[in-house]
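>>> just coords:
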């Protein structure tokens, strides 16, 4: 079967995975509502105005690290013969922390002040937003790893 990190970054599907990740992010941002939703949408648009391709570039850069961080959880799902989406949903907190640990580490080296400030401003609420996307993340991974 192979590790998730090997499968998602394989050249035959890498571009599709990146495209799907970008679409998932866009969908999640647009689906936010209320005051928090306005803040998230505003920050997202501000960052995209400064660097229109930033989401694609970020996903492309972070995909290998995200996949490696999720390897143990993916392998556990396979070992338990569970669908990845179901396993990820049952272990939302672990999946979320694995992903946020990567972005927390990477934001330290970002040179664009607005991006860094925006991330730091939104980080306190990030866990609940990432957790809400876990079913879609699991589904996307299943789509790209089921042969």
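Received it, and whenever you're ready, just let me know what you need. Source: prediction; values computed, not measured.

>>> for the one helix or strand in the chain whose mean pLDDT sits lowest, name the packing helices and strands.
Within the chain, no helix or strand scores below helix 113-122, which has a mean of 85 by mean pLDDT, DSSP states H and E. Identification of packing neighbours for helix 113-122 by 3 or more CB pairs under 8 Å, 6 or more residues apart in numbering; DSSP states H and E yields helix 34-50, helix 92-107. In short, each C-beta sits where N, CA and C put it, glycine included.

>>> can I get these in CSV with distance to residue 25?
Formatted as CSV, the helices and strands packed on helix 113-122 follow (distance: least, CB to CB, whole Å):
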stretch, distance to residue 25
helix 34-50, 8
helix 92-107, 12
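
>>> so which bits of the longest helix along the chain are buried?
As assigned by DSSP state H, the longest helix anywhere in the chain is helix 54-79. For helix 54-79, a neighbour-count test (16 or more other CB atoms under 10 Å) marks 55, 58-60, 62-63, 65-71, 73-74, 77-78 as buried.

>>> any idea how far the nearest residue to residue 65 once chain neighbours are set aside is from residue 36?
Spatial nearest neighbour of residue 65, excluding adjacent residues (CB to CB, 6 or more residues apart in numbering): residue 102 at 4.7 Å. Note on residue 102: its distance to residue 36, by CB to CB, to the nearest Å, is 23 Å.
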